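A.B. asks: Could you work out the structure for the sequence below:
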Amino acid sequence: DCTVLDYSHKQIESELKVAKREGYSINAIEGDMTKKLPFLDEYFDLIFHPVSNCYIKDVLHVYKEAYRVLKPGGILLCGLENEINFIVDDNEKEIIWKMPFDPTKDENVKKFLEETDGGMQFSHTLEEQIGGQLKAGFTLVDLYEDTNGEGRLHELNIKTYFATKSIKK
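C.D. replies: Numbering: from 1, shown residues only. Predicted coordinates:
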């Protein structure tokens, strides 16, 4: 059984289209991860949380909700990006942004995101992302780092993404 939660109606439509094309069924729910998740306590065995923290300000809430809806022994897999992705220019040659990258606190960031159609994006520290999982009650069992796969930072082998595996004990 697979359930997909996404804020975007277009993304939900895409998920359903691919599932139909590939011959599997999913439960696709349009929802907001910044709110209480529409699932019972201890409902899921596994949550895959892709690189989506950059679209919300409060990541601790997401981890608390994930902990609530996971069964004991359940696994949380998270794709995350570090602040390096937010400090550099488009060519990844100069540091141009101060942290945190937050359009609700910095009018220049807000203007930049509006001009580039970047949506609302927020940087997060390791303390927020890994520490948030620990504060929610998870036990971190693995960590993986990677580059973004292209561009100057990739060519310099600078890790800008990471993934965590945590367990609800």
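A.B. asks: Report all helices and strands that the biggest strand by length in the chain contacts.
C.D. replies: The single longest strand within the chain, with elements called by DSSP state E, is strand 70-81. If you count contacts as 3 or more Cβ pairs under 8 Å, 6 or more residues apart in numbering; DSSP states H and E, strand 70-81 packs onto strand 44-49, helix 59-69, helix 126-136, strand 161-167. C-beta coordinates here come from the backbone N, C-alpha and C atoms, glycine included.
A.B. asks: export these to TSV and tack on mean neighbour count, mean pLDDT and distance to residue 107?
C.D. replies: What follows is those, written out as TSV (neighbours: other Cβ atoms under 10 Å; pLDDT from 0 to 100; distance: least, Cβ to Cβ, whole Å):
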stretch	mean neighbour count	mean pLDDT	distance to residue 107
strand 44-49	16	98	30
helix 59-69	20	98	23
helix 126-136	17	97	23
strand 161-167	18	98	28
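A.B. asks: Mind putting those into CSV with distance to residue 142?
C.D. replies: Formatted as CSV, the helices and strands packed on strand 70-81 follow (distance: least, Cβ to Cβ, whole Å):
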stretch, distance to residue 142
strand 44-49, 14
helix 59-69, 16
helix 126-136, 12
strand 161-167, 4
